[in-house]
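A.B. asks: I would like the atomic coordinates for the input below:
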Amino acid sequence: MLKKRISMLLVAVMIITGIPCMPKAEVSAASKDTYTIDVNDSSYDPRGTERVTMAKDQGSYGICYAYALASAVETSLIKTGQADSSVDISDMQIAFLTSCYKDQAGPNSSCYVYDEIIKNMNGGSGEPSQWRMHRYGFVDETEMPITLITDRSTFGTWYDRAINYKYKVKRAYEAPAGDIQGTKEIISKCGSVVTSYIVYDYYYNTTLPVYSYNNPTAEKYTNHGIQIVGWDDNYSKDNFLIKPSKNGAWLCKNSWGPFWSKDGYFWMSYETYTDEMQGLILTTDKNYDYCVNKEYNIMVGDSIDVKKDLAGYVDDDEEVRYLYDDSYFQDNEDGTFTAKKATDTSWGYNGISVNVGINRVGEFDVVIKPTPTPTPTVQPTEEPTPVPTLQPTKAPTVQQSSQPVVKPYIVPSKPSNFSGVSVPKTEYNSSLRNVDYKAVSGSTSQFKYRTDSEGNATIVKGKNVKKITIPNAIKIDGISYMVRKIDGKAFSNLKKLQTVTIQAANVKKLSKNTFFKCKKLKNVTITSLNLSNVSSGTIKKCSKVKVKVVGRSSKAQSKTAAAFKAAGIKFSYQRK
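C.D. replies: This is a model prediction of the structure:
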């Protein structure tokens with residue numbers, strides 16, 4: 001069989017991560033460093049130095065992804081001597097420019113409407129917040145202050161303010177989640193990394209001067225973006241409410257203000273589930289170029305040496321790695337890819353993702369076009385199609401959303417890997433401030449409760465209404481008390497009660513006669529998946545009650561389901 005000829009245009013595109021169009025000597029991460037960080041040290045803590053900026057407060061806005069990224073930019077600028085600790089990068093600009101997922105956040109965008117922009121800003125997908133910001137760069141807070149978010153009259157000026165950038169991404173790094181050494185290496189180069197984790201109030205140990213957090217959850221999603229600025233390999237596992245298997249923690253900077261915890265920082269166990277770890281190096285050169293074009297013609301069955309082409313852009317201490325999954329090329333795992341087939345009637349892009357050590361270099365996109373076979377005895381059946389050539393100074397034309405850098409930040413009630421709302425402090429975490437909890441008794445329109453001085457709440461008695469929902473927390477004077485218990489007979493003799501929903505994630509037990517003589521009770525829905533102890537007499541003298549256990553998967557539902565099964569109570573599953 002005669003070989004078909006393939007024309008290939010390899011384009012290394014710097015999305016957030018990429019190869020810069022200049023010699024290797026100019027991309028050295030340490031060329032302008034004002035200080036060094038030894039990755040072999042057992043701990044690194046920049047607090048009390050001029051290496052980090054003060055923790056900001058995102059308030060009620062769900063834009064933690066923007067605050068985390070802005071803080072990382074500030075730290076990088078300080079490390080490379082381009083700013084001091086007074087630098088203040090605009091969080092508003094990042095949130096604004098990444099508010100439209102499919103369209104650009106500009107005057108020609110279909111979503112360029114004030115109310116639409118504000119709605120989309122409250123919730124961040126790491127994909128656009130990362131790859132779009134490489135194109136626009138970053139501006140100072142004075143250029144686009146967060147106060148604009150409530151000033152509708154200035155909306156017409158937002159785009160011009162946002163694109164008047166002062167800093168651009170020069171080099172970007174990524175380490176996989178759980179890669180402790182790789183994360184330390186990025187911190188040593190960039191001063192910090194950005195990641196995200198899942199926030200549950202009850203996993204924080206707030207009795208320590210600096211809060212600690214460990215969440216060994218099997219729920220593989222995240223909902224809050226943070227900056228990691230340091231580490232301590234010997235941080236005791238005994239400091240965590242949920243004890244990890246080993247010592248060691250990251251020093252994290254939050255976006256809930258300097259009065260949360262101590263100066264806005266907390267310790268997070270190495271074993272807490274997070275997304276990937278990313279770091280940035282910036283430049284003030286507005287003309288800095290981000291794309292390199294490579295053009296090739298190869299035959300089906302022949303190979304291309306990608307590693308060789310990256311040689312001028314890889315530091316001596318870095319290695320080239322590959323991530324590839326496509327039917328057009330075979331990864332030979334030696335730096336080469338072999339062409340397996342060509343298209344006969346059309347041409348398209350086929351991506352080869354390339355990692356350089358901890359540095360994700362970018363994406364090689366292969367444009368495949370059918371061309372005549374070079375064999376003299378066979379005439380081509382069609383005119384050869386010219387190979388397009390991308391200009392180095394132009395923006396890349398490939399689909400930039402094909403390689404997301406950071407997973408989105410989402411609320412726990414909506415576990416999705418695409419979009420959602422990042423966790424604002426005042427909505428989910430007001431209980432974490434330095435407050436004095438009080439032991440009080442009170443009531444809502446649906447139930448009576450009591451609290452204690454440790455921040456816990458107990459549901460004492462439901463009211464005689466048709467519907468009762470037990471929330472995760474009860475707010476009293478702006479302070480959240482976590483619901484951890486439902487008293488026995490809490491829902492007894494309630495003649496009007498028809499529906500009960502238990503959302504409280506900390507309720508682990510339902511006692512005998514919790515639901516007693518509720519003649520009209522039809523539905524009990526459990527969305528708390530930590531319920532592990534259900535009495536066989538939990539539901540008594542209530543006719544035809546349907547129990548539903550709601551969760552994201554059968555595995556997530558298993559603990560609560562097992563408790564009802566052991567109690568001999570029939571139930572059904574409902575998938576979120």
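A.B. asks: what residues are up against the residue nearest to Trp158 when sequence neighbours are not counted?
C.D. replies: Spatial nearest neighbour of Trp158, chain neighbours left out: Phe96 (5.8 Å); criterion: Cβ to Cβ, 6 or more residues apart in numbering. (C-beta placed from N, C-alpha, C; glycine too.) Neighbouring residues of Phe96 by Cβ atoms under 8 Å, 6 or more residues apart in numbering: Ala105, Ile117, Met121, Met144, Trp158, Ala162.
A.B. asks: domain map for this structure?
C.D. replies: Here the domain assignment for the chain is 5-15+291-395, 56-283+404-425, 435-575, based on automatic domain parsing.
A.B. asks: mean pLDDT lowest for which of the ones you listed?
C.D. replies: When the domains of the chain are compared on mean pLDDT, domain 5-15+291-395 scores lowest, with a mean of 51.
A.B. asks: burial of Asn234, as a residue count?
C.D. replies: Neighbour count of Asn234, defined by other Cβ atoms under 10 Å: 10.
A.B. asks: residue contacts, the closest residue to it other than its chain neighbours?
C.D. replies: Of all residues not flanking Asn234 in the chain, Asn247 sits nearest, at 5.5 Å (Cβ to Cβ, 6+ apart). Contact analysis of Asn247 by Cβ under 8 Å, 6+ apart lists Asp233, Asn234, Tyr235, Ser236, Lys237.
A.B. asks: buried set for the helix or strand where Thr501 lies?
C.D. replies: With secondary structure defined by DSSP states H and E, Thr501 is part of strand 499-502. For strand 499-502, a neighbour-count test (16 or more other Cβ atoms under 10 Å) marks Val500, Thr501, Ile502 as buried.
A.B. asks: show me what the longest helix along the chain is packed up against.
C.D. replies: Assignment by DSSP state H gives helix 64-79 as the longest helix of the chain. Other helices and strands packing on helix 64-79, by 3 or more Cβ pairs under 8 Å, 6 or more residues apart in numbering; DSSP states H and E, are helix 91-97, helix 126-136, helix 180-190, strand 193-197, strand 224-232, strand 277-283.
A.B. asks: can you list contacts of the last one?
C.D. replies: Put plainly, it is strand 277-283. So strand 277-283 is contacted by 16-17, 29, 72-73, 76-77, 80, 82, 130, 138, 167-177, 179, 182-183, 186-187, 189-195, 228, 405-406 (Cβ under 8 Å, 6+ apart).
A.B. asks: out of these, which are buried?
C.D. replies: Looks like these have 16-17, 29, 72-73, 76-77, 80, 82, 130, 138, 167-175, 177, 182-183, 186-187, 189-195, 228, 405-406 buried, using 16+ other Cβ under 10 Å.
A.B. asks: quick one: the strands in the stretch 101-250 of the chain?
C.D. replies: All strands of the stretch 101-250 of the chain, identified by DSSP state E, counting those that start in this stretch, fall at 168-175, 193-197, 204-205, 212-213, 224-232, 249-253.
A.B. asks: can you list the strands that the first one pairs with?
C.D. replies: So that's strand 168-175. Taking DSSP bridges as the criterion, strand 168-175 forms sheet pairs with strand 277-283 (antiparallel).
A.B. asks: what segments of this structure are helices?
C.D. replies: Counting by DSSP H, the segments of the chain that form helices are 64-79, 91-97, 114-121, 126-136, 158-162, 180-190, 306-309, 425-428, 554-566.
A.B. asks: now the longest one - C-alpha only, CSV.
C.D. replies: Read it as helix 64-79. Only the C-alpha atoms of helix 64-79 are listed here, as CSV (Å, rounded to 0.1, in the frame of the first residue of the first chain):
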residue,chain,number,x,y,z
CYS,A,64,-12.0,33.4,45.0
TYR,A,65,-10.5,32.1,41.7
ALA,A,66,-9.6,35.8,40.8
TYR,A,67,-8.3,36.6,44.3
ALA,A,68,-6.0,33.5,44.4
LEU,A,69,-4.6,34.2,40.9
ALA,A,70,-4.0,37.9,41.7
SER,A,71,-2.2,37.0,44.9
ALA,A,72,0.0,34.6,43.1
VAL,A,73,0.9,37.3,40.5
GLU,A,74,1.8,39.7,43.3
THR,A,75,4.1,37.1,45.0
SER,A,76,5.8,36.4,41.6
LEU,A,77,6.4,40.1,40.9
ILE,A,78,8.0,40.5,44.4
LYS,A,79,10.2,37.4,43.9
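A.B. asks: any idea of the angle that helix forms with strand 249-253?
C.D. replies: Angle, helix 64-79 to strand 249-253, by axes from the mean of the first three to the mean of the last three Cα atoms, to 10 degrees: 100 degrees.
A.B. asks: buried residues, helix 64-79. List them.
C.D. replies: 64-79.
A.B. asks: for stretch 534-549, buried residues please.
C.D. replies: Within stretch 534-549, the residues scored as buried using 16+ other Cβ under 10 Å are Val534, Ser535, Gly537, Thr538, Ile539, Lys540, Cys542, Val545, Val547, Val549.
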